[in-house]
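kindly return the folded structure for what I paste below:
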Amino acid sequence: MKKMKIRKFNSEGHNKWVEFYNELFVEIKRISKGSKISPEDIKKGYNKHFKEKYELIKNSNDFSEELANSKDFKVKNFENSYELAKNINIALSEYNFYEIDRSEIWDWIAMILFDQIFVPGKIRGASPYRYVVNINDFFTSFRHLVRGPCWAENQFKENSKIFTHTKPYQQNDWLEQFIKVSFLREMKVMGQVCSELYFDYKKNEAIQGTSKAPGNDPDKPGIFPRLRNKLSQFNKVKYLWGMNAEEIIKMLPKEFNNYKKNITK
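Purely as a prediction, here's the structure:
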């Protein structure tokens, strides 16, 4: 395990990182010949040239500067994005999250952890937004494999596992579905509501098929899209912001009963 202070890219370093990944993505797309990118395309695309270019950026301190109030960041092989995000947020705990919500920081961390979040042969996609964050693009900024989990862990703490307890190189579908709903996203109690309904604490993973409606059953009872719709209705007549998780869950109709039984924490 290696310890270091969190750094942020300077202008030159960030430009080099963006250039590096965009060039790599173009190469992967070229190899795919217009078809859907396959794991083999990613393996072939990340060739010796790009590996050497990555090492040059990684090993140069000329492209970044240390954050003055960073605590030690314990770099190790993270089992999941929850563990990754928790360690990063501890290292940045002297800062308000929104003070450090900068692409130069998230992308520097993505660069340091690139071998854990860009894993040829395992990743199913290589879209630039996973590794190069555009803070001004609301939706894709949460799909960055560092920024997204760090936001969720900062917002919901242990209840963020439903959004982060996947491999560091995997996009978490629960997080992608959840962030689309603005009034839920900003309510910290909703992390607990979703976890108590849809997180399997024994398996340490979200219950399969609960984040979005399957194509052949768009009205499947009790899953997240139904929760979203019900809470949207309740939000018009009840003050959800003043309720705790237990109160919100008890208010849900019978179609959610099977998921209410999941509360074994």
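
how much space is there between the residue nearest to Thr166 when sequence neighbours are not counted and Leu252?
Excluding its sequence neighbours, the residue lying closest to Thr166 (Cβ to Cβ, 6 or more residues apart in numbering) is Asn172, at 4.8 Å. Backbone N, C-alpha and C define where each C-beta goes, glycine included. Separation of Asn172 from Leu252 (Cβ to Cβ, to the nearest Å) stands at 24 Å.

got the CA positions of the helix or strand containing Lys51 in PDB?
Using DSSP states H and E, Lys51 sits in helix 48-58. The C-alpha coordinates for helix 48-58 follow below in PDB (Å, rounded to 0.1, in the frame of the first residue of the first chain):
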ATOM      1  CA  LYS A  48       2.700  -0.100 -26.000                       C
ATOM      2  CA  HIS A  49       2.600   3.500 -27.300                       C
ATOM      3  CA  PHE A  50      -0.300   4.500 -25.000                       C
ATOM      4  CA  LYS A  51       1.100   2.600 -22.000                       C
ATOM      5  CA  GLU A  52       4.300   4.500 -22.300                       C
ATOM      6  CA  LYS A  53       2.500   7.800 -22.800                       C
ATOM      7  CA  TYR A  54       0.500   7.100 -19.700                       C
ATOM      8  CA  GLU A  55       3.600   6.400 -17.600                       C
ATOM      9  CA  LEU A  56       5.100   9.700 -18.700                       C
ATOM     10  CA  ILE A  57       2.100  11.600 -17.400                       C
ATOM     11  CA  LYS A  58       1.900   9.500 -14.200                       C
END
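
what does the helix or strand following that helix contact?
Per DSSP H and E, helix 48-58 leads on to strand 64-66 as the next helix or strand towards the C-terminus. Strand 64-66 has contacts (Cβ atoms under 8 Å, 6 or more residues apart in numbering) with Lys5, Ile6, Arg7, Lys8, Phe9, Asn10, Gly13, Trp108.

buried residues, stretch 202-220. List them.
Of all the residues in stretch 202-220, those buried under the rule 16 or more other Cβ atoms under 10 Å are Ala206, Ile207, Thr210, Ser211, Ala213, Lys220.

my error: substitute stretch 33-44 in the last question.
Result for stretch 33-44 [16+ other Cβ under 10 Å]: buried residues Ile37, Asp41, Ile42.
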